[in-house]
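> Give me a model of this one.
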Amino acid sequence: MLEKRMVEMITFRLLQIKAREPGCPWDKGVQELIAGSSAKNEFLELSEVLLDRVRRHEDEHPILDDCPLFLHRQYMRDEIFVGLGMASKVGTRNAQSGCFWIDQLNTEVFFVTLDKSDKAFSPSTRYEDFAVSPTKFHWQSQNKTGESSATGQRYITQSRNGARFLLFVRPRRDEPFVFLGPVRYASHTGSRPMSIYWDLDFPIPSWFFETCASLRAA
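The predicted structure is shown next:
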């Protein structure tokens, strides 16, 4: 299952819209690479270069079972959904929001963009999201989320309901997300939106925390 999803992630990266067409095989991207010798050779060369640039975590095991998402690696949004087994959600409107609840996994995914100066962010969506320290992150919920709502209570009562929250953060809108791993509810203030402090299970690596700090200072 793990390798299959990895291959499917490659298919979505290489073929993009074509990968979402009905009946497109999960390994179509690799099939097309193999069929084109020049593309295959170029892909192999690029893979070697990129592999040298990968910043590895001391634990190279996936955080979730059957899910090829590795801690502190960089992913595009479509790769994240495919890795979580939610390929059918790629490109859908609700999958473009800043948070996405997956009921069958009892898991919510947070997609955070730190620099909200881009014109794509309206005043109502410029949430205050920032790293407080390497082990604590401040995140604001959607404006409609009150502390007494079902979603708000899911955050607050995490220790009892067993919900899992996964944090993906990117510096800017045109960059990939860095997977910062699972987070645990610590405290909150306010309502609609809720300002929540999350504790990270794994510290933010120094190379990325510096980026987070510089954007907050800006």
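> Which other helices and strands does the helix ranked longest in the chain contact?
As far as residue count goes, and with DSSP state H defining each element, the longest helix of the chain is helix 37-53. In this structure, helix 37-53 packs against helix 28-35, with contacts taken as 3 or more C-beta pairs under 8 Å, 6 or more residues apart in numbering; DSSP states H and E. Using the backbone N, CA and C atoms, a C-beta is placed for each residue, glycine as well.
> rerun at 10 Å
Secondary-structure packing of helix 37-53 (3 or more C-beta pairs under 10 Å, 6 or more residues apart in numbering; DSSP states H and E): helix 2-15, helix 28-35.
> any idea which of those scores lowest on pLDDT?
For those, mean pLDDT drops lowest on helix 28-35, to a mean of 83.
> Now do the buried residues in that helix.
Within helix 28-35, the residues that qualify as buried are 28-30, 33, counting by 16 or more other C-beta atoms under 10 Å.
> sorry, back to before: just put the helices and strands packed on helix 37-53 in JSON lines and tack on distance to Ser206.
Putting the helices and strands packed on helix 37-53 into JSON lines (distance: least, C-beta to C-beta, whole Å) gives the following:
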{"stretch": "helix 2-15", "distance to Ser206": "27"}
{"stretch": "helix 28-35", "distance to Ser206": "34"}
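> Please name whichever of those helices is nearest to Leu50.
For the helices and strands packed on helix 37-53, the distance to Leu50 is smallest for helix 2-15, at 12.1 Å, taking C-beta to C-beta.
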